[in-house]
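Peer 1: Predicted model follows, preceded by the sequence.
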Amino acid sequence: MRQVWTGLRWLYGLFFIVTAATMFAVVAGGMANPFRQKNAAAQGWSDAIEAAPFFTPLLASVYLLGGLCLLVARTIPLGLVLLTGPMAVIVVYHMTFNHDYAWGGLVGVVHVLMLWRYRRGFAPLWQWREDNRAGA
């Protein structure tokens, strides 16, 4: 079972790394944007995001860092935390704009399963107290 989780984690991480590379290539002008949407409302939302010059590079950076973190066992929780915000938006976007319940549901379920599988890595976040700081 461990190999299944490792494989899923690597596929998930590589998905975000490839997506980030594609986004960086689009921003740099090296390729046309392959992310065309299914309907006018969804395309309008995507166009508005692309019009903000900071947003796509910022999102691609989060995808890249989160994806890379998923490839290293020690940083899996950090990668999942970095990707949780964008994943929430992706799930809601696919469910509301595209009515693509299969894709939105799939990526949402995979992310929640990964969060659950690696939940022990988040325990220090809930146990931390300000008076526990080293040297304080």
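Peer 2: In hand now; what should we look at? Numbering: from 1, shown residues only.
Peer 1: Which parts of this structure are strands?
Peer 2: Assigned by DSSP state E, the strands in the chain number zero.
Peer 1: Low-confidence regions, it specifically.
Peer 2: For the chain, applying pLDDT under 70 flags the ranges 131-136.
Peer 1: in it, which spans are helices?
Peer 2: 2-28, 40-51, 55-71, 76-96, 101-117, 123-127 (DSSP state H).
Peer 1: tell me the angle the third one makes with helix 76-96.
Peer 2: In this structure, helix 55-71 runs at an angle of 130 degrees to helix 76-96, with axes from the mean of the first three to the mean of the last three C-alpha atoms, to 10 degrees as the basis.
Peer 1: List the contacts of helix 55-71.
Peer 2: The contact list for helix 55-71 (C-beta atoms under 8 Å, 6 or more residues apart in numbering) reads 9-10, 12-17, 19-21, 23-24, 26-27, 49-50, 75-76, 78-80, 82-83, 85-86. Placement of C-beta: from N, CA and C, glycine included.
Peer 1: For stretch 43-52, which outside residues touch it?
Peer 2: 33, 35-37, 55-56, 93, 97.
Peer 1: Now do the contacts for the residue nearest in space to the middle of the chain.
Peer 2: Residue closest to the mean C-alpha point of the chain, counted by C-alpha atoms, centre = their mean, is L83 at 3.4 Å. The contact partners of L83, by C-beta under 8 Å, 6+ apart, come to 16, 62-63, 66-67, 70, 111.
Peer 1: how far away is L11 from W5?
Peer 2: 11 Å (C-beta to C-beta, to the nearest Å).
Peer 1: Comparing those two, which shows the higher neighbour count?
Peer 2: W5 (14 against 11; other C-beta atoms under 10 Å).
Peer 1: Skip the chain neighbours and tell me the closest residue to the more buried one.
Peer 2: Distances taken as C-beta to C-beta, 6 or more residues apart in numbering place R117 nearest to W5, at 5.8 Å, with adjacent residues excluded.
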